[in-house]
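Chemist: sequence and computational prediction follow.
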Amino acid sequence: AMDDPRSWFEGLCEEGEDPEEPSTVTIPIATFASPAITKERVPYCNDCPDGVPAHSLAIHLPDQDWVDRTIREYGPDHPYVIAKVHAKFPKGGGGLTIPVTWVENAQQSDDPTGPGWHRLCDLGLEGENATHTVKEGAWVRLGVDVAADGGDEFVISRIVGDVIETRYHSSGTINDDQVLLAEKVLEEIQAAQRLADALHSQHPVRVKVDQNGIGHGVVSMLKRWADTGRHQAQIVGVMVSESPEQDDPGAVMRPYRKRDEMWLATRGLLQPDPSTGLGRLRLRVDRQTGIQLSTPRLGSNSAGYSVVESKKAMKQRGMKSPDRADAALLTVYEPEPINPPRRRGLLN
């Protein structure tokens, strides 16, 4: 793909730029040359089924509305825009934390079938209408990004085994009520428990909540409700501004804060295996979540740590806060060991 940095296609096109040994001829055709924009006359469409009224091929081509929407959603300097709108190769890939093609591959990956795999809609559970498959015994986990300052979204995502989906999102003043937010999370916990029981999962439902700001109150209520028997899930509060629990000085990418660790962990799971071309996650999320996953840039600080672009920096260049992406990241992120190792010693 053109927006995949240093792909084989880019190398093939660059071969034609060698004046001594030209082997290819590259003719870039930007979206602005689409007949739907230029109003150029084109032939009638021959691909639509019989019975569809005759129409110009131009109605199937990108128009100005598509261009404007794409630039608005991704940003003018995003690799996807550079490639798909301007027909150019994004040099350096735009420094994205997660490349666009990795997200697209996870969205388009096939669902496994066969013994032990079930379609969600076939389990007979209320509210489970999705057609993708999940595995018998799969671990069910939730990720919750709590809205801040009334301007961002409150989002709940879920992962079942290897497949992530966006379960709920809301915005506005309703997100200021911590009790309402906690009760909505409780509803999703109960749905997740029903799903885990139907799949005969041996793992407790685990819920990771960004407890920055009013998220702290949501975490406290959910933990209290667990103590009083309203649910059996494990509640894990995540302070994304804290330093990671562990640091490997020899690692290629060393996250500076837990937020960076969260993004890099999902990056590693989405990175395609060279032998199969596939990552380890399936994304069954809405369009906005997919866009947000491939929006933040990746940089480094003076100490050599990897740093993901902050929400403040993203807003300064006209991008929305990636709340839906953050909730998806929280589903797979485990900031602390599932089973902490037992200490040895006389006092223990």
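Modeler: On my side now, so go ahead. Numbering: from 1, shown residues only.
Chemist: quick one, helices of the protein?
Modeler: Secondary structure of the chain (DSSP state H): helices located at 8-15, 35-38, 64-74, 79-84, 100-108, 178-198, 215-227, 258-270, 287-293, 311-316, 323-332.
Chemist: just to check, residue 272 is in contact with residue 105?
Modeler: Yes. If you go by Cβ atoms under 8 Å, residue 272 and residue 105 touch, sitting 6.3 Å apart. C-beta coordinates here come from the backbone N, C-alpha and C atoms, glycine included.
Chemist: overlap in contacts, these two.
Modeler: 278-279 (Cβ atoms under 8 Å, 6 or more residues apart in numbering).
Chemist: quick one, which of those two is more surrounded?
Modeler: Using other Cβ atoms under 10 Å, the more surrounded residue of residue 272 and residue 105 is residue 105, with 21 against 15.
Chemist: in a markdown table: the helices of the chain, plus distance to residue 234.
Modeler: Output for these, formatted as a markdown table (distance: least, Cβ to Cβ, whole Å):
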| stretch | distance to residue 234 |
| --- | --- |
| helix 8-15 | 45 |
| helix 35-38 | 52 |
| helix 64-74 | 35 |
| helix 79-84 | 37 |
| helix 100-108 | 26 |
| helix 178-198 | 10 |
| helix 215-227 | 8 |
| helix 258-270 | 18 |
| helix 287-293 | 24 |
| helix 311-316 | 27 |
| helix 323-332 | 13 |
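Chemist: tell me where the model's unsure across the stretch 201-348 of the chain.
Modeler: Residues of the stretch 201-348 of the chain meeting the criterion pLDDT under 70: 249-252, 337-348.
Chemist: just to revisit the earlier point, buried deepest among the helices of the chain, which one?
Modeler: For the helices of the chain, the largest average neighbour count (mean count of other Cβ atoms under 10 Å) is found in helix 323-332, namely a mean of 27.
Chemist: what's the angle from that helix to helix 100-108?
Modeler: With axes from the mean of the first three to the mean of the last three Cα atoms, to 10 degrees defining the directions, helix 323-332 sits at 70 degrees from helix 100-108.
Chemist: my read: residue 28 touches residue 84, true?
Modeler: No. Contact criterion Cβ under 8 Å: residue 28 and residue 84 do not qualify, at 11.9 Å.
Chemist: OK, contacts around the closest residue to residue 193 other than its chain neighbours?
Modeler: Among residues not flanking residue 193 along the chain, residue 205 sits closest, at 5.4 Å (Cβ to Cβ, 6 or more residues apart in numbering). Contacts for residue 205 (Cβ under 8 Å, 6+ apart) come out as 140-142, 189, 192-193, 196, 231-234.
Chemist: also residue 308?
Modeler: Residue 308 touches 97, 259-260, 263-264, 296-298, counting by Cβ under 8 Å, 6+ apart.
Chemist: now swap in residue 270 and tell me
Modeler: Counting by Cβ under 8 Å, 6+ apart, residue 270 touches 98, 102-103, 105-106, 279-281.
Chemist: and if you look at residue 221?
Modeler: Counting by Cβ under 8 Å, 6+ apart, residue 221 has contacts 178-179, 182.
Chemist: let me have those residues in JSON lines, extended by distance to residue 133.
Modeler: Shown next, in JSON lines, are the contacts of residue 221 (distance: Cβ to Cβ, whole Å):
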{"residue": "178", "distance to residue 133": "36"}
{"residue": "179", "distance to residue 133": "36"}
{"residue": "182", "distance to residue 133": "31"}
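Chemist: now pLDDT and distance to residue 323 too, for the residues you listed, in a markdown table please.
Modeler: As requested, these are arranged in a markdown table below (pLDDT from 0 to 100; distance: Cβ to Cβ, whole Å):
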| residue | pLDDT | distance to residue 323 |
| --- | --- | --- |
| 178 | 90 | 17 |
| 179 | 92 | 20 |
| 182 | 95 | 17 |
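Chemist: and the spatially closest residue to residue 200 that is not a sequence neighbour, how many neighbours does it have?
Modeler: The shortest distance from residue 200 to any residue other than its chain neighbours is 5.8 Å, reached at residue 137 (Cβ to Cβ, 6+ apart). By the measure other Cβ under 10 Å, the count of residues near residue 137 is 13.
Chemist: alright, calling it a day.
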